[in-house]
Each structure stands twice: as structure tokens, then as C-alpha cells.
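In: dropping the sequence and predicted coords here.
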Amino acid sequence: MLEATGIKPVITDNKACLVLYSGGLDSILACRVIQEQGVRVTAVQFITPFFGGSLKGREGNHVRAVFEKYGITLEVVDISDEYLKMLKKPPHGYGKYMNPCIDCKILMIRNAVRLLNRFGASFIATGEVLGQRPMSQRRDALGVIERDSGANGLLVRPLSALHFSATDAERAGLIDRRRLLSIAGRGRKEQIALAERYGIEGYPAPAGGCVLADPIISRRLKRLFRLYPAMDAGDCVLARVGRHFILPDNSWLVVGRNQRENTRILSMWRENDRVLELDGGPGPSVLWRYVSKPLEAMNLAAGILCRYARLKEEPGRVRFSGFKSEEDVIIETMSVGQEIVEEYRI
């Protein structure tokens with residue numbers, strides 16, 4: 001996996017291009033339209049805790065799968081730290097919730113510009129379609145993205161290219177403008193027809209939207225950022241799993257909703273975290289992070305666990321692991337009521 005570094009190049013006679021790749025149909029088509037003109041394409045998929053994060057640790061399998069399925073050479077690049085810094089204060093603001101759509105695209109294209117020299121490429125392409133997305137694909141927003149990413153003249157949008165002025169790559173003869181497209185708007189008929197022409201099958205359906213545009217996750221992240229300004233990428237991954245509570249000492253309690261989430265939560269256990277589980281019985285796994293006064297909040301944390309354990313008999317016995325002492329701590333407590341759940345849940 002690569003880090004995005006390097007220096008902005010100028011257009012050369014290299015017939016090579018970097019394409020921003022999301023895995024969606026538009027980015028796949030952008031690769032194929034450019035490839036069709038004899039240009040060597042390297043697709044770059046940027047990942048963060050909010051998109052593509054599930055690829056971390058299995059990048060090689062994903063790269064092979066994309067090549068076998070679509071004939072696209074792919075590189076996966078983790079920009080989590082830089083993305084998180086931007087997300088906390090995006091220069092162009094948020095959408096309806098915590099989605100920094102314009103700054104998100106600026107950041108990815110800026111990193112692609114930095115990678116051009118490394119891959120011997122002369123320009124960048126994206127699958128953006130004029131008018132498809134209300135915040136980041138308006139004509140004015142597309143202009144801002146190109147300008148603020150430092151990609152002036154380097155950025156080709158092959159699916160909508162005929163709605164814009166010619167780029168440096170077109171003027172230099174690296175690609176033929178007459179073979180680029182004029183798709184616009186929110187419809188998908190033209191893209192689907194193009195996919196059929198290229199023999200592209202099994203592509204993902206359009207996604208339901210960015211996770212940062214989800215009102216629940218957005219509200220949760222805003223609260224967490226206020227409480228923990230130094231939140232890192234791992235915290236952001238945790239914020240997407242399970243039920244979440246902020247206790248009176250401003251500690252963060254995460255309760256798994258099923259076995260898959262229990263396993264995932266336990267995999268994120270760090271030094272100084274506590275893990276709560278029922279002693280001697282099935283129930284949710286709970287991760288307790290940023291604990292400042294554990295003894296004062298133990299009963300509440302255990303009571304929340306018992307609430308979701310659906311105990312047949314009370315009180316429940318809850319085991320706390322992760323304290324500095326060698327032995328775990330076990331306490332007995334009753335399930336909290338729904339009013340307590342609502343008071344502390346985020």
C-alpha cells in the first residue's frame with residue numbers, strides 16, 4: 001500500500017493517466033474510456049475510515065479481484081490521517097450533515113497529483129458527471145475542486161468532458177477529445193448502455209450515499225470530536241460499530257449488537273481500554289474507552305451491558321478486563337431502565 005507523496009508534474013508526452021477509483025460504475029467507465037484511447041491507466045483507490053476502510057489489510061486480494069474482473073490496474077492508498085484532519089474543519093464546509101463533499105474530492109485529487117510522477121503519468125481522470133451530485137458535481141463546485149486541488153489543466157472528466165473546456169492532455173494530443181463523452185444529470189441510462197458496450201458486468205449498484213451524510217453517525221461523530229479532539233482513525237472506525245454511550249465521566253462505551261460486532265469491537269481493544277462481558281453467560285461485548293473515573297462509572301457501564309444481555313435472572317455478573325491489576329474485576333448489578341439508555345446514548 002502506498003502513501004501519497006510527490007511533486008506536481010507538468011504535462012509530458014507520456015500516455016499514462018491516474019484515475020480516481022471508487023469501485024462504482026462511473027469510475028470503472030472512466031478507466032475504460034481512457035484505456036480505449038491507448039493510454040496506460042493506473043486506478044487509485046483512496047481509503048479512510050469512512051470509505052474503503054474494510055480493504056485495509058486485504059489490499060492485495062482486492063487489487064487482484066479488480067484486475068481479473070475489469071482489467072484495471074489498481075493501487076490502494078490510505079489517506080486516513082490527512083482526511084481526518086480535514087474532516088474536523090473542512091474549508092468549504094459540510095453538506096446537510098457531516099459530509100465534506102467538496103473538500104473530500106479536493107483532498108483525493110490533490111493526492112493524485114502528488115502521485116503522478118511516481119507512476120510516470122501525465123494527467124488525472126475521474127468518473128465525475130456534471131449535475132449528478134447536488135453538492136460536489138455542480139459546475140461551480142467542479143471548478144473549485146480543480147482549482148483548489150492544484151490540478152488545473154491536469155484533470156480530465158471523460159464522462160462529461162464535452163461540457164467543459166479542453167484540458168492540457170487534450171491539447172497535447174494525449175487523448176482525443178472527439179472520443180470523450182457529454183453525459184450530464186442524475187440519470188444512469190447512458191452509463192448502463194456504455195457498460196453493456198464494454199461488456200462490464202457485476203458492477204455495484206449506486207451506493208446509498210456517504211456514511212458521513214448519515215444523520216445518526218454524523219451526530220455521533222460531532223459529539224465525539226468535541227469530547228476527544230485528538231480522535232484518530234481507529235476511533236472513527238469504532239464510531240461506526242455498535243451502540244454508543246457517553247457516561248458522566250465523559251468516557252465512551254460501545255456495545256456490540258451481534259456476534260459479528262462483538263468480534264470486531266474486541267479486535268479494536270487498545271491499551272487503557274476496558275472490556276466488559278457477562279461472567280459465565282452469553283451477551284454483548286462492550287468496549288469502554290477514555291475512562292477517567294472507572295470506579296465511579298462501573299455500575300452504570302455494567303448496567304447498560306445487562307440491559308442488552310436480556311438476562312433471565314438479575315442481578316447480572318459483569319466481568320471487567322483491562323485494569324492494571326493482574327486479575328479481572330467482577331461486579332453484580334441490575335439492568336438500567338430505558339430512560340437511562342436514552343440519557344447517555346449518542
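Out: Cool, the structure landed.
In: how about low-confidence regions in the stretch 1-150 of the chain?
Out: 1-13 (pLDDT under 70).
In: just the helices in it please.
Out: Assigned by DSSP state H, counting those that start in this stretch, the stretch 1-150 of the chain shows helices spanning 25-35, 59-70, 80-88, 101-115, 139-148.
In: quick one: distance of the fourth one to the chain centre.
Out: The chain centroid and the centroid of helix 101-115 are separated by 14 Å under C-alpha atoms, centre = their mean, to the nearest Å.
In: how about stretch 180-190?
Out: 26 Å.
In: contact partners of it?
Out: With contacts defined as C-beta atoms under 8 Å, 6 or more residues apart in numbering, stretch 180-190 is touched by 25, 33, 129-132, 156, 158-163, 170, 191, 194, 206. No exception for glycine: its C-beta is placed from N, CA and C like everyone else's.
In: 6 Å - rerun?
Out: 129, 130, 131, 132, 158, 159, 160, 161, 162, 163 (C-beta atoms under 6 Å, 6 or more residues apart in numbering).
In: mind listing what the residue nearest to residue 33 when sequence neighbours are not counted touches?
Out: Nearest residue to residue 33 in three dimensions, chain neighbours excluded: residue 158, at 4.3 Å (C-beta to C-beta, 6 or more residues apart in numbering). Applying C-beta under 6 Å, 6+ apart to residue 158 gives the contacts 30, 33, 34, 125, 180.
In: 8 Å instead, please
Out: By C-beta under 8 Å, 6+ apart, the contact set of residue 158 is 29, 30, 33, 34, 125, 175, 180, 181.
In: ditto for residue 104
Out: 83, 86, 90, 136, 210.
In: and the gap between the second one and residue 100?
Out: Separation of residue 86 from residue 100 (C-beta to C-beta, to the nearest Å) stands at 7 Å.
In: and the first one, by the same measure?
Out: Going from residue 83 to residue 100 by C-beta to C-beta gives 9 Å.
In: the fourth one now?
Out: Computed with C-beta to C-beta, the distance linking residue 136 and residue 100 is 9 Å.
In: more neighbours: those two, which one.
Out: Higher neighbour count among residue 136 and residue 100: residue 100, with 25 against 21, using other C-beta atoms under 10 Å.
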